[in-house]
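*Asks:* Coordinates for the following, if possible.
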Amino acid sequence: MNLKELQRNWDKFGKQDPLYAILVEEGKGGNKWKPEHFFERGRQEIDEIMDYTTNSLGLTVRRSRALDFGCGVGRLTQALASYFETVVGVDIAPAMLKGARKYNKFADRCQYVLNERDDLRLFESNSFDFVYSNLVLQHMRPEYCKSYLKEFIRVLRPNGLLVFYMPSEVLEQNSVPPSMPKPHQRSTTLLPRLKQSIKALTPKPILSFYAKWRYESQPVMEMYYVKRPEIEAYLREHGGDILDTYPYYVTVPKIEGFQYIVTKH
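*Replies:* Next up is the predicted model:
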């Protein structure tokens, strides 16, 4: 889907069930996330990445200005405010940003900006000490993902840090690390047959109306993958210096992604 379609879908998510769309977990759909638990998860995530970059990798970064790309309702933007003087959250969906401003507890220290382009030209080059994006880039076509990666490096200050996640490939089940939970198994035989029977008995005009209604009313969450060597080559081509890359499994154990930690000189 193009950026307009992407915006339309995530704006719908932002109106219908924003917290669940951002952080999908069993039992949390239907607006069942408690905001305090949702934002606490954000604090834990940022605490872990800051501890890893500082104490495990021995990296130091100026704590002036950070960028949270694909900020949603500000789950990570607010968490970053514990470490940086100012944090800018950027998102494509107006409804998500409306929620971010509603939940914001840091006044002007957290700023939320709508960006509808495939670049970040609203920001000057070398203007952020830290750029963070998690569980975002996989929802857009790879050409958009790469465009933003190039922009992340451009807006990053020399010796600043860029940290982002991107899925790399779908693994075979026997390739999943033993420590990872097995996916939930269920019978898939009866339900498709029942759906086919109902479809065969339903007049075509009604089917067409239903398909149109579903497309227009139900948001779509797409998933894309870019292989690790391709990502790393692209980062280096555009001035990124890769400091660390490590496997990162989310939601579905058969999907392997990587967390990339990048700087520029």
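
*Asks:* rest of the way, CA atoms for contacts and neighbours
*Replies:* Fine.

*Asks:* How confident was the prediction at residue 253?
*Replies:* For residue 253, the model assigns a pLDDT of 51.

*Asks:* ok, for residue 31, nearest residue in space, not its chain neighbours?
*Replies:* residue 17 (5.4 Å; Cα to Cα, 6 or more residues apart in numbering).

*Asks:* The one you found: how many residues sit nearby?
*Replies:* The number of residues packed around residue 17, counting by other Cα atoms under 10 Å, is 16.

*Asks:* can I assume residue 158 sits in a helix?
*Replies:* No - looking at residue 158 with DSSP: H, G, I helix; E, B strand; the rest coil, it is strand, so not inside a helix.

*Asks:* Can you show me the CA trace of the longest helix that the chain contains as CSV?
*Replies:* Ordering each helix of the chain by length in residues (DSSP state H) puts helix 35-51 first. Taking C-alpha atoms only, helix 35-51 is exported to CSV below (Å, rounded to 0.1, in the frame of the first residue of the first chain):
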residue,chain,number,x,y,z
PRO,A,35,-3.0,2.7,29.8
GLU,A,36,-0.7,2.5,32.9
HIS,A,37,0.4,-1.0,32.0
PHE,A,38,0.8,-0.1,28.3
PHE,A,39,3.1,2.8,29.1
GLU,A,40,5.0,0.9,31.7
ARG,A,41,5.9,-1.6,29.0
GLY,A,42,7.3,1.3,27.1
ARG,A,43,9.4,2.4,30.1
GLN,A,44,10.8,-1.1,30.5
GLU,A,45,11.7,-1.2,26.8
ILE,A,46,13.6,2.0,26.8
ASP,A,47,15.3,1.3,30.1
GLU,A,48,16.5,-2.0,28.6
ILE,A,49,17.9,-0.5,25.4
MET,A,50,19.6,2.4,27.2
ASP,A,51,21.1,-0.1,29.7
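
*Asks:* what comes up buried for that helix?
*Replies:* Along helix 35-51, the positions that meet the burial threshold by neighbour count (16 or more other Cα atoms under 10 Å) are 39, 41, 42, 43, 45, 46, 50.

*Asks:* Please name every helix or strand in contact with it.
*Replies:* Taking 3 or more Cα pairs under 8 Å, 6 or more residues apart in numbering; DSSP states H and E as contact, the helices and strands that helix 35-51 lies on are helix 75-80.

*Asks:* Assign a three-state SS to the nearest residue to residue 72 once chain neighbours are set aside, would you?
*Replies:* Of all residues beyond its chain neighbours, the one nearest residue 72 is residue 96 (5.0 Å), with distances taken as Cα to Cα, 6+ apart. Reducing the assignment at residue 96 to three states with three-state DSSP gives helix.

*Asks:* Show the pLDDT at residue 96.
*Replies:* Residue 96 carries a pLDDT score of 98 in this model.

*Asks:* Now do the strands in this protein.
*Replies:* With DSSP state E applied, the chain shows strands at 65-69, 86-91, 110-114, 128-133, 156-170, 241-249, 255-263, listed in chain order.
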